[in-house]
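Novice: Need coordinates for the below:
(2 chains)
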Protein chains: 2
Amino acid sequence: MAAEVICVGTELLLGDILNSNSQYLAKELAALGVPHFYQTVVGDNIDRVHQAIEIGATRSSILIFTGGLGPTPDDLTTESIASYFNTPLVEHPEVIADIERKYTQRGREMTMSNRKQSLQPQGAAILPNPLGTAPGMIWQPRAGLTIFTFPGVPQEMYRMWRDTAVPFLKTQGYGQNPIYSRSLRFFGVAESALAEKVNHLFDSNNPTVAPYAGKGEVRLRISARAANETAAKSLIEPIAREIQQIAGDNYFGSDDDTLASVVGQLLMARGQTLAVAESCTGGGLGQMLTDTPGSSSYFMGGIISYANRIKIDLLGVNAEDLARAGAVSETVAMQMAAGVKAKLGTDWGVSITGVAGPGGGTEAKPVGLVYIGIARPDGEVEGIKYQLGSQQERGLIRQVSASQTLDLLRRRLGRG
Amino acid sequence: MAAEVICVGTELLLGDILNSNSQYLAKELAALGVPHFYQTVVGDNIDRVHQAIEIGATRSSILIFTGGLGPTPDDLTTESIASYFNTPLVEHPEVIADIERKYTQRGREMTMSNRKQSLQPQGAAILPNPLGTAPGMIWQPRAGLTIFTFPGVPQEMYRMWRDTAVPFLKTQGYGQNPIYSRSLRFFGVAESALAEKVNHLFDSNNPTVAPYAGKGEVRLRISARAANETAAKSLIEPIAREIQQIAGDNYFGSDDDTLASVVGQLLMARGQTLAVAESCTGGGLGQMLTDTPGSSSYFMGGIISYANRIKIDLLGVNAEDLARAGAVSETVAMQMAAGVKAKLGTDWGVSITGVAGPGGGTEAKPVGLVYIGIARPDGEVEGIKYQLGSQQERGLIRQVSASQTLDLLRRRLGRG
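Specialist: Next up, the predicted model:
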């Protein structure tokens, strides 16, 4: 029978937060092959949670709740579930001890309201929360109905889901004919242009191919239903190879690969190092590179030269060139890249300088204009101009500039 | 009576896309003062759409559908609604003409399947779609029940909502007593501890007060229903003042304020400047600071000293101290902060060095251990130790470390 996701939280009904938990659980259920036909959102209100249970229990055999497990009075998911099934709540001293330990570790004192988080319906099993104070539960209030509760904080929920619900669902026979999928990732090509080239694959049934567009990036997801991973791979592989051939070097990686991790792999393979000089991104490129664990083996660091004075003093940008061409110019980008490479003694130096907006744009240098500098091991330096739509948001311009820089570097590193 | 959002799309149940339409509509309904207690997601399946209507029509007077209006066979929202109410579908030639015109404009030919998009239940009024080919509808299939349909493409839906649904809802008397709200933002206090102190406000009806927890941050949202903004403000103000008094300097701002923007305001008020030295955050602190437009007036830049050699060469950290105490130590954090302040010639210098994980932790220096350095204008330098749970993810440790640094700086800047 089917699973139903029930997200509890008035903040969802007010639009204060995006319901990313639903998407996560939907993906996970699909991967396990658990049928999933409905999702519901209700506010922090006992009667409405009761109604959601009433409806859900008639059409689904697994109810997965997220949210409303906190210590405050409006957190009432657990007590609503217990009262719907006329079951008393029982205090779990081991949960209180765990919460107390976590508070002590952080140098804080546990409050009385946290005791509430140790209450679970009689007969329910605790799902421990390694990352936070709110435990979840798994409970069968009656034959044929299983209820899970998870906290609303996504990181806590993901971890608990993987640690507890996935193994349980596997014991119930799910995950036998799961869907395996692989995402191929592309940069430097529009979704519609790529889609047109692989159009003939969209009608395929097993595996299926579907396109998604992200921030400057495009993905194609290949999904196969098969008895096991080997069988799925043999369905996915030929399609993946065909797509990679069509896409050429716009393809940069698959699944968890990122532009930053791929750049890292290429640098490691060459035994080379990298430094960054950032103006408009203010550190965002360095942050992307260091998102990858182990990046310290090739990423040495960088200089955030937000003020022009720092470009001159620390990166050795020529003051006259800067005054003449402006901070957002090819020559300054090139001098920044060369400067950071020299200063940090790395093989490669890259730089970004641009107009991120919303203010500061002119007719000659509109918002979205970005120059990227790349200083190579052989001493050559390139400057690349890049124009993003001037209607774009500051955050997006900064993020896509950093991604674009990584993509340019990737293409140069990939040339062997 | 209440509105209910019903999103139709198997892609939502597979987790292929994030349900941002729900959040958009939730915000809009809240702003108009339309009560909104449930959201439902169903797949592209006539029986299940029927069931969603059956349930929704008993508890809500306005059903807002998004998705399933396209030309393909799995788009069946309109026909499901019509068949539930035993109403025939009627072809609208003006819609066909409009679709044809749009295709011609794009140099394409209309396909037969697009004719389907001109079908609406008898008696329904067309909601034109200026950005795409799928029109929506507004229909009262029986007294006391209004149904809206919108395409699932967010930009098309937003535009049609504003152009058609908002004016309609206003003629129905909504938007007269909208909800105004203000979020108060706190750092350095647990949600449960703050909630206990303002517990007496949670029972208030107008305005209401509700807590939310984010990444290291806590918010209290005060929402008032009033005839106009001035009236709402006079309801919100006294509660906001009371909460701020209770929270003391854990309160840092409201609504769009961020720790970074508040630090910026405080620096500007003092006419002082700031530089950062980052190890484990790799540029993330600089990025946070430069998220705020205009930050160039106080943020000069920084040094990303990811490798130890850079800490010594560029920040002047003492090589012996580094070898003895390790890169993640109070003395190195202090020397990094003092070093970047001196190197960039700023009034303040702050630094972060820590174990972000997942590898690299030891018993003495576990994952989550972070040292923050603050070099002050008067030449004094502080080192602050901070321990985040060692089970936390790398990304979260990095983000909360940067926020924690901004919070420490904010408190020092606020002391006048």
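
Novice: Tell me how far the spatially most central residue of chain A lies from A:Ser183.
Specialist: With distances taken as CA atoms, centre = their mean, A:Asp256 lies nearest the centre of chain A, 9.6 Å away. To A:Ser183, A:Asp256 is 9 Å away according to CB to CB, to the nearest Å. (C-beta placed from N, C-alpha, C; glycine too.)

Novice: what stretches of chain A score poorly on pLDDT?
Specialist: Where chain A drops to pLDDT under 70, the residues are A:213-214, A:390-391, A:416.

Novice: any idea which helix or strand carries the most far-flung residue of it relative to its centre?
Specialist: In chain A, A:Glu320 marks the outermost C-alpha relative to the chain mean, sitting 42.6 Å out by CA atoms, centre = their mean. Per DSSP states H and E: A:Glu320 is located in helix A:319-325.

Novice: how many neighbours does A:Tyr158 have?
Specialist: 17 (other CB atoms under 10 Å in any protein chain shown).

Novice: Doesn't it lie inside a helix?
Specialist: Yes - A:Tyr158: assigned to a helix according to DSSP: H, G, I helix; E, B strand; the rest coil.

Novice: Setting the sequence-adjacent residues aside, check what's closest to it.
Specialist: Leaving aside its chain neighbours, A:Tyr158 sits nearest to A:Tyr24 (6.3 Å; criterion: CB to CB, 6 or more residues apart in numbering or on different chains).

Novice: related to what we said a few turns ago, quick one: residues in contact with the helix holding A:Glu320.
Specialist: Residues outside helix A:319-325 that contact it (CB atoms under 8 Å, 6 or more residues apart in numbering or on different chains): A:Asn308, A:Lys311, A:Ile312, A:Ser329, A:Thr331, A:Val332, A:Gln335.

Novice: do stretch A:38-53 as well
Specialist: A:2, A:4-10, A:12-13, A:19, A:22, A:26, A:55-56, A:59-60, A:63, A:68, A:74-77, A:79-81, A:83-84, B:12-13, B:22, B:37-42, B:48, B:52, B:59.

Novice: A:Met157 is in contact with A:Leu69, isn't it?
Specialist: No - contact criterion CB atoms under 8 Å: A:Met157 and A:Leu69 do not qualify, at 9.8 Å.

Novice: Find residues that contact each of the two.
Specialist: Counting by CB under 8 Å, 6+ apart, the contacts common to A:Met157 and A:Leu69 are A:Phe150, A:Pro151.

Novice: List, one by one, the residues from the stretch 51-200 of chain A near chain B.
Specialist: Listed as neighbours of chain B in the stretch 51-200 of chain A under the rule CB under 8 Å from any CB of the partner chain: A:51-52, A:55, A:59, A:70-74, A:102-103, A:105-109, A:111-114, A:130-131, A:133, A:153, A:155.

Novice: which of those count as buried?
Specialist: Buried subset of these (neighbour count, 16 or more other CB atoms under 10 Å in any protein chain shown): A:51-52, A:55, A:70-72, A:74, A:102-103, A:111, A:113-114, A:131, A:133, A:153, A:155.

Novice: Check those residues and tell me the two furthest apart.
Specialist: Spatially, the most separated pair among these is A:Ile55 and A:Tyr103, at 37.9 Å (CB to CB).

Novice: Please name the residues that touch A:Pro154.
Specialist: A:Ser20, A:Asn21, A:Tyr24.

Novice: Please convert the buried members of those into PyMOL selection syntax.
Specialist: To isolate the buried members of the contacts of A:Pro154 in PyMOL, using 16+ other CB under 10 Å:
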select buried, chain A and resi 21+24
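
Novice: So which of the contacts of A:Pro154 are in helices?
Specialist: Applying DSSP state H to the contacts of A:Pro154, the entries found in helices are A:Ser20, A:Asn21, A:Tyr24.

Novice: which one of those is nearest B:Lys170?
Specialist: For the ones in helices among the contacts of A:Pro154, the nearest to B:Lys170 is A:Ser20 (31.7 Å; CB to CB).

Novice: Check the spacing between that closest one and chain B real quick.
Specialist: 6 Å (CB to the nearest CB, to the nearest Å).

Novice: show me the contacts for A:Phe202.
Specialist: A:Phe202 touches A:Ala195, A:Val209, A:Ala210, counting by CB under 8 Å, 6+ apart.

Novice: now the residues you listed as a markdown table including neighbour count and secondary structure?
Specialist: Formatted as a markdown table, those follow (neighbours: other CB atoms under 10 Å in any protein chain shown; DSSP: H, G, I helix; E, B strand; the rest coil):
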| residue | neighbour count | secondary structure |
| --- | --- | --- |
| A:Ala195 | 18 | helix |
| A:Val209 | 22 | strand |
| A:Ala210 | 17 | strand |
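
Novice: starting at the chain centroid, how far to stretch A:402-413?
Specialist: Its chain's average C-alpha position is 20 Å from that of stretch A:402-413, according to CA atoms, centre = their mean, to the nearest Å.

Novice: ditto for stretch A:26-38
Specialist: 20 Å.

Novice: And that stretch, what's buried?
Specialist: A:Ala26, A:Glu28, A:Leu29, A:Ala30, A:Ala31, A:Leu32, A:Gly33, A:Val34, A:His36, A:Phe37, A:Tyr38.

Novice: residues near the closest residue to the second one other than its chain neighbours, how many?
Specialist: So that's A:Glu28. Spatially, and ignoring its direct neighbours in sequence, A:Glu28 is nearest to A:Trp161 (6.4 Å; CB to CB, 6+ apart). By other CB under 10 Å, 21 other residues sit near A:Trp161.
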